[in-house]
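Undergrad: Sharing a model prediction with you, sequence too.
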Amino acid sequence: MFRRLFPFTAGESKILGLVGAGHLLSHFYVLALPPLFPLLKGEFDVTYFALGMMVTVNALTTSVAQTPFGFLVDRFGSRRILVAGLILQGCLIVAIGFTDSYLAALALFGLAGIANAVFHPVDYAILSGSIARERLGQAFSIHTLTGNLGWVITPGVMLSLTALFDWRVALVIVGCAPFVVAAFVLWQFNAIVEERPSVDQGSEPAEAQSTRDGLALLLSPTILMAFVFFMLIPMSFGAMRVFSVSALVDLYGYSLNYAVAALTGFLIGTSGGILVGGLFVDRLRRPELMAGAGFIGGAVFVVVIGSVPLPYALVCTAMVAAGFCAGIVQPARDLLVRRVTPEGSAGKVFGFVSTGIGVGGAIMPLVFGLVLDLGDPRGVFWLAGVFFIVALVTIGRFGATGKRVWKASESSAG
């Protein structure tokens, strides 16, 4: 059934498995420590603010390092950098399990953010080179889904291992997983095809392209618009994931369990939307329309939740629907960016635009937290709806430029 819906070749499936495993781990480790915060608070004798700083430092180092890694991927290839990132990530997570110092744990988790920065530029470069163009949107959807699964399983895995052993052993166990994935990558090293720039007669080879040329590409209006587009994702979808529970508790008076159940519906809807979006994004060949429909639908559902008194069942239904709309945007989002990316530049472009996610993720808690502090839980849903629509506006740039670039490359390939 799955093979009929997602008709990847055996080789493509193998690549998706390798890349997806690394992507799952990258998301997993971002959330590996927060479920342990109640234990770490006493262990290190620090405040929750100090523990939250660990997550902030991890996110900042990831954001800062992604673009440089993108340049390295395009210059030296992605396979070795992927293996190095996996091994470094595993070593750092294991090391946190052995430390008795908060400052050491803070530094180690910050360095883990640098290791985590390799995955987006590496993954998109490998997928762009290894997956046939007519199935690339579906590949992006599977890649996104594996990352979401990493978020979903992390709390249960970490708490279960901690209950069986303790938090230190839990970190050592999960920290060994990247070594296994790295071994499989090395085993299949020659099967991984890396995207390379297309070289015309008399043009410079990829190795001779200057950093100045790469920076000029990243600072072009289209790629800067892609950066803004990615920045708006956590300020719309991410705001629902982070603040909808608090807003629902304040707005409707739900218990924490009821509000979390509604958020779970949003996350389930997101996973379903990613799968459905992946099924159709390549077939429709108009990712800008799919992304636009997702943003419009998401805006409608979140604004309704914040504006119309609804029974609990309808609130959950609207949350699932909003999550579904958020999900169908994501494979379309990645394909839109790929369409405006020159051959051989996927690493630097995806590394750069993914930094926008970190920027938006840093701004979003301040803005939405202030809205809640001002006593206006409805504003969380209204403001999320506004960011949905603002993100929609950025798609216009992708629609025209992306189709033009994609058709030109198809014509030259033919």
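TA: Arrived safely, thanks for sending. If you're wondering where the values come from, they're calculated on a predicted model, not measured in any experiment. Residues are numbered from 1 along each chain as shown.
Undergrad: How about residue 363, nearest residue that isn't a chain neighbour?
TA: residue 235 (6.7 Å; C-beta to C-beta, 6 or more residues apart in numbering). For the C-beta atoms, the positions are set from N, CA and C on the backbone; glycine is no exception.
Undergrad: How about the contacts made by the one you found?
TA: Shown in contact with residue 235 (C-beta atoms under 8 Å, 6 or more residues apart in numbering): 360, 363, 364, 367, 384, 387.
Undergrad: and it, what pLDDT?
TA: Residue 235 carries a pLDDT value of 84.
Undergrad: before we move on, what about residue 413?
TA: Note on residue 413: pLDDT of 44.
Undergrad: Enumerate every residue touching residue 214.
TA: Counting by C-beta under 8 Å, 6+ apart, residue 214 makes contact with 71, 74, 345, 348.
Undergrad: okay, now residue 307: neighbour count?
TA: Neighbour count of residue 307, defined by other C-beta atoms under 10 Å: 12.
Undergrad: what's the spacing between it and residue 49?
TA: Applying C-beta to C-beta, to the nearest Å, the value for residue 307 to residue 49 is 34 Å.
Undergrad: Please verify my assumption that residue 302 contacts residue 383.
TA: No: using C-beta atoms under 8 Å, residue 302 is not in contact with residue 383, being 9.3 Å away.
Undergrad: Give me the more crowded residue out of the two.
TA: Taking neighbours as other C-beta under 10 Å, residue 302 and residue 383 compare with residue 302 leading, 31 against 22.
Undergrad: avg pLDDT for the helix or strand harbouring the more buried one?
TA: Here residue 302 sits within helix 287-307, counting by DSSP states H and E. In this model, helix 287-307 has a mean pLDDT of 90.
Undergrad: packing partners for it?
TA: Where contact means 3 or more C-beta pairs under 8 Å, 6 or more residues apart in numbering; DSSP states H and E, helix 287-307 is packed against helix 239-252, helix 256-284, helix 312-339, helix 377-413.
Undergrad: how close does residue 112 sit to residue 336?
TA: Counting by C-beta to C-beta, the gap from residue 112 to residue 336 is 30 Å.
Undergrad: Name the residue in those two with the higher neighbour count.
TA: Comparing residue 112 with residue 336 by other C-beta under 10 Å, the one with more neighbours is residue 112, at 29 against 26.
Undergrad: pLDDT value on the closest residue to the more buried one other than its chain neighbours, please?
TA: Nearest non-adjacent residue to residue 112, counting by C-beta to C-beta, 6+ apart: residue 92, 4.3 Å away. For residue 92, the model assigns a pLDDT of 96.
Undergrad: buried stuff in the helix or strand residue 92 falls within?
TA: For residue 92, the enclosing helix or strand under DSSP H and E is helix 79-96. Across helix 79-96, burial judged by 16 or more other C-beta atoms under 10 Å covers 79, 81-83, 85-96.
Undergrad: For the helix or strand where residue 180 lies, which helices and strands make contact with it?
TA: Assigned by DSSP H and E, residue 180 falls within helix 177-187. Counting contacts by 3+ C-beta pairs under 8 Å, 6+ apart, helix 177-187 is packed against helix 10-30, helix 79-96.
Undergrad: Could you point out which of those helices sits nearest residue 327?
TA: helix 10-30 (15.2 Å; C-beta to C-beta).
Undergrad: mind listing what's buried in the helix or strand just after that closest one?
TA: Later in the chain than helix 10-30, the nearest helix or strand by DSSP H and E is helix 37-44. For helix 37-44, the neighbour count (16+ other C-beta under 10 Å) marks 40, 44 as buried.
Undergrad: Which residues does helix 37-44 contact?
TA: 33, 46, 47, 48, 50, 51, 101, 102, 105, 162, 167.
Undergrad: what do you get if the cut-off is 7 Å, keeping everything else the same?
TA: Contacts to helix 37-44, defined as C-beta atoms under 7 Å, 6 or more residues apart in numbering, come from residues 33, 48, 51, 102, 105, 167.
Undergrad: Tell me both backbone torsions, phi and psi, for residue 192.
TA: Residue 192 adopts backbone torsions of phi -80, psi 120, taken as degrees, to the nearest 10.
Undergrad: Could you verify my assumption that it touches residue 79?
TA: Yes: the pair residue 192 / residue 79 is scored as a contact, 5.2 Å apart, by C-beta atoms under 7 Å.
Undergrad: what residue ranges in the stretch 1-150 of the chain score low on pLDDT?
TA: 1-6 (pLDDT under 70).
Undergrad: re the thing from before, CA-only coordinates of the helix holding residue 180 in PDB, if you can.
TA: Provided in PDB are the C-alpha atoms of helix 177-187 (Å, rounded to 0.1, in the frame of the first residue of the first chain):
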ATOM      1  CA  ALA A 177      21.900   5.700  18.500                       C
ATOM      2  CA  PRO A 178      23.900   8.100  16.200                       C
ATOM      3  CA  PHE A 179      26.800   5.700  16.200                       C
ATOM      4  CA  VAL A 180      24.500   3.000  14.800                       C
ATOM      5  CA  VAL A 181      23.100   5.400  12.100                       C
ATOM      6  CA  ALA A 182      26.700   6.500  11.200                       C
ATOM      7  CA  ALA A 183      27.700   2.900  10.700                       C
ATOM      8  CA  PHE A 184      24.900   2.300   8.300                       C
ATOM      9  CA  VAL A 185      25.800   5.500   6.400                       C
ATOM     10  CA  LEU A 186      29.300   4.300   6.100                       C
ATOM     11  CA  TRP A 187      28.100   0.900   4.900                       C
END
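Undergrad: buried stuff in the helix or strand following it?
TA: Per DSSP H and E, the first helix or strand lying C-terminal to helix 177-187 is helix 211-218. By neighbour count with 16+ other C-beta under 10 Å, helix 211-218 contains the buried residues 214, 217, 218.
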